[in-house]
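J.: what's the 3D shape of this:
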Amino acid sequence: MAKLEYWQLKQRQSQPLDIKIKLSKIRIQEWYEYYDGKVYVAFSGGKDSTVLLHLVRSLYPDIPAVFVDTGLEYPEVRDFVKNTKNVIWLKPNINFKQVLEKYGYPVISKMQARFISDVQNKNEKNKATTNLRLTGYNRFGVYCPSMKISNKWLYLIDSDIKISEKCCNVMKKQPFSKFEKDTKRKPFVAIMADESKNREKSYLQKGCNLYSKNKPLSTPIAFWVEADIWEYLKMFNVSYCKIYDMGEKRTGCMFCMFGVHLEKGENRFQRMKKAHPKQYEYCINTLGCGKVLDLIKVKY
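T.: Numbering: from 1, shown residues only. Modelled structure (predicted):
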C-alpha cells in the first residue's frame, strides 16, 4: 500500500469511536480472510490487548489469544489472563535472571540500551558501529545524531553493569515467532501509533495490515488513542485487569527499567515496594536492579 500522510493519521485519530470500530473491523476481516482464519491475538492482559481481543472475537469468537508467561507480569495480570477464555500460554527459553546475566539490563530506552551495548561489546568487527555510537558519524563521514548515545548517558559505557535491549526479544518476541512458525497463524497486535514516534512512523509507512513474507502483522487499532480504549471498555462493559485501578498506567514487565527516569512523582518501583513487596525485594536485591537504578540516579 502507499505510504500514509501525517494528516491522514491525525484525521483518523480524531474520528469518533464508532467510526474507528467499523474501520478496525474491516481490517480484521481483511486479515482473517487473507489467511483463511489462521490468525491469533497477541494477548498481554493489558487494556489495549483486552480491547483488541474483544473486538476480534466480536467477529470471530473462536480465535485464540496467545500469552507469553515471562514470569515478569504483575500477579494481577496473570490472574486476569487465567480467567480469560481460550488463551494459549507460552514460555521463553530462558528466564529474566539468565537474560540479565547473558546480555545486560534494560535501562533508559530500547534504542539507547542497544547503542550502549554496541560499545560495551566492541571488537575489531564493529569499529564503525562503535564510532557511530560515540560520535554520530557513520563510515561515510555523514553525521547521524539519532544514531549516537546521548551525551547524558555516555558514562554508562564504563560501568561494570552490562546494558542491553535484548530482553524483550528473548522473553516475548522469540516465543511468539516460534508459535507462528509451528502453527502458521498470523498475529493481531494491539499497537497504537500514538504510543511512540517509532510506532507512528511505522503506521505511516505500513498502515494497519502488513502482508509481509518475513513478518506479517495486523495492528487494527493502530489509529486509536488511549481515550478510545477506556471508552470502548465502558461502552461494551468489558472486564479489564484491576492493576489499572491500583494506580498503574502500564502492564508491561514489572522489572523493566525503560523510561523509569522520566516518571514524575512516585515511580513504578516505589509503587511496587508498597503493593508487591515480595516482587520488589526480588527485583531490587536478587536481580540487582537497585544498583542499576542507583547508577542512573532513580529513587526506589
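
J.: run through the residues that contact residue 134.
T.: Taking Cβ atoms under 8 Å, 6 or more residues apart in numbering, we find residue 134 in contact with 119, 148-149, 154. (Each C-beta comes from the backbone N, C-alpha and C, glycine too.)

J.: the least confident helix or strand in the chain by mean pLDDT: which residues count as buried?
T.: Counting by mean pLDDT, DSSP states H and E, the weakest-scoring helix or strand in the chain turns out to be helix 197-206, with a mean of 91. Neighbour counts using 16 or more other Cβ atoms under 10 Å place 200, 202-203, 206 of helix 197-206 among the buried residues.

J.: going by distance to residue 247, which of the residues you listed wins?
T.: Residue 247 has its nearest neighbour among the buried residues of helix 197-206 in residue 200, at 27.2 Å by Cβ to Cβ.

J.: now the closest one, nearest residue through space, not along the chain?
T.: Residue nearest to residue 200 in three dimensions, not counting chain neighbours: residue 193, with 4.4 Å by Cβ to Cβ, 6 or more residues apart in numbering.

J.: what about that neighbour, neighbour count?
T.: Neighbourhood size, residue 193 [other Cβ atoms under 10 Å]: 25.

J.: show me where the stretch 101-250 of the chain has its strands.
T.: Under the criterion DSSP state E, counting those that start in this stretch, the stretch 101-250 of the chain carries strands at the ranges 107-108, 186-188, 209-210, 217-218.

J.: most packed of those?
T.: strand 107-108 (a mean of 25; mean count of other Cβ atoms under 10 Å).

J.: what lines up beside it in the sheet?
T.: Taking DSSP bridges as the criterion, strand 107-108 forms sheet pairs with strand 257-258 (parallel).

J.: how far does the strand it pairs with sit from the chain's center?
T.: 12 Å (Cα atoms, centre = their mean, to the nearest Å).

J.: immediately after it, which helix or strand?
T.: helix 268-275 (DSSP states H and E).

J.: packing partners of that next one?
T.: Under the contact criterion of 3 or more Cβ pairs under 8 Å, 6 or more residues apart in numbering; DSSP states H and E, helix 268-275 touches helix 277-281.

J.: mind listing what's buried in the helix it packs on?
T.: In terms of neighbour count (16+ other Cβ under 10 Å), helix 277-281 has its buried residues at 279-280.

J.: thinking again about what came up before, ok, the residue nearest to residue 200 touching residue 205?
T.: No - with contacts counted by Cβ atoms under 8 Å, residue 193 stays clear of residue 205, the gap being 10.8 Å.

J.: contacts only, for residue 70.
T.: Contacts of residue 70 (Cβ under 8 Å, 6+ apart): 91-92, 96, 171-172, 253.

J.: how far away is it from residue 111?
T.: 21 Å (Cβ to Cβ, to the nearest Å).

J.: same check on residue 193?
T.: Distance of residue 193 to residue 111, given as Cβ to Cβ: 18 Å.

J.: thank you, goodbye.
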